[in-house]
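S.K.: structural data only, the sequence is not supplied:
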């Protein structure tokens, strides 16, 4: 359900801060520009907005939740503090996508970089990640993907997480217990499982946990890996993460 609307001047209205006084106002969806109505429920449902007519872009952006809204607000407020930002917007329609946060920044040599931040709370497929990233890249936009631990960073790595790990130098950016961190999957070399094919056997290492370290410096590095334009931060690499930040899954097959 939408938790933010804008008026005719582009001013933001967050549902949690609204009351009945906004009912007579002309509020619009920041994505499709359609008319929105404030809903103040009497039952156990949070305050929100609803479209008078279904938004035509629902399949292009993450459905709004409290977690998703908090992620967008965090990056919208914090990124300008660490980067030379010339413009920044939320829910910005660009390159066939709706970026949760879109901004343009310049480096010390005055090179301009266009960056889209994708905040993901709900599950998504590797196909969706690849397609949305490709659309951004085709328009010269670097992408920063950030996942929320509500539906990610479990025992079994999802295909979307594995794709991001391979394109972000071994890390996946995410929100863990309300903190912005870089997550690193850990695999244990003592466990090998076998899958039989028709003509071969394949061994793979079992994932046994995640390491993580908080990202406090939000200076953006626009770069690329394997032909994919990404945006990342100057956080520690896998081998630099301190041992106490390992979160190991319990597995009875691991030798003590």
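M.R.: Cool, got the structure. Nothing here was measured: the structure is a model prediction, and the numbers come from that model. Numbers count the residues shown, from 1 in each chain.

S.K.: what sits against residue 102?
M.R.: 88, 89, 90, 92, 94, 114, 115, 116, 117 (CB atoms under 8 Å, 6 or more residues apart in numbering). Every residue, glycine included, has its C-beta placed from N, CA and C.

S.K.: those into TSV, with extra columns for pLDDT, distance to residue 167 and secondary structure?
M.R.: Formatted as TSV, the contacts of residue 102 follow (pLDDT from 0 to 100; distance: CB to CB, whole Å; DSSP: H, G, I helix; E, B strand; the rest coil):
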residue	pLDDT	distance to residue 167	secondary structure
88	93	24	strand
89	89	25	strand
90	86	24	strand
92	87	22	strand
94	91	20	strand
114	97	18	strand
115	98	15	strand
116	98	15	strand
117	98	16	strand
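
S.K.: and these, which two are furthest apart?
M.R.: The largest separation in the contacts of residue 102, counting by CB to CB, is between 90 and 114 at 15.3 Å.

S.K.: who does the host helix or strand of residue 164 touch, helix- and strand-wise?
M.R.: Taking DSSP states H and E as the criterion, residue 164 maps to helix 159-167. Packing contacts for helix 159-167, counted by 3 or more CB pairs under 8 Å, 6 or more residues apart in numbering; DSSP states H and E, involve helix 126-138, strand 141-148, strand 172-176.

S.K.: which pLDDT does the model give the closest residue to residue 138 other than its chain neighbours?
M.R.: Closest residue to residue 138 apart from its sequence neighbours, by CB to CB, 6 or more residues apart in numbering: residue 95 at 6.7 Å. Per-residue pLDDT puts residue 95 at 92.

S.K.: touching, residue 95 and residue 139? I think so.
M.R.: Yes - contact status for residue 95 versus residue 139: in contact at 3.9 Å, counting by CB atoms under 8 Å.

S.K.: which of these two has more neighbours?
M.R.: Here residue 95 and residue 139 are compared on neighbour count by other CB atoms under 10 Å; more neighbours surround residue 95, at 20 against 13.

S.K.: from residue 136, how far out is the more buried one?
M.R.: 5 Å (CB to CB, to the nearest Å).

S.K.: quote the end-to-end distance of stretch 116-132.
M.R.: 11 Å (CA to CA, to the nearest Å).

S.K.: got a list of contacts for it?
M.R.: 62-63, 65, 67-68, 71-72, 75, 79, 92, 94-95, 97, 99-103, 136, 141-148, 150-152, 158-160, 162-164, 231.

S.K.: tell me the mean pLDDT over stretch 36-46?
M.R.: Mean predicted lDDT for stretch 36-46 stands at 80.

S.K.: and that stretch, how far out from the chain's middle?
M.R.: 27 Å (CA atoms, centre = their mean, to the nearest Å).
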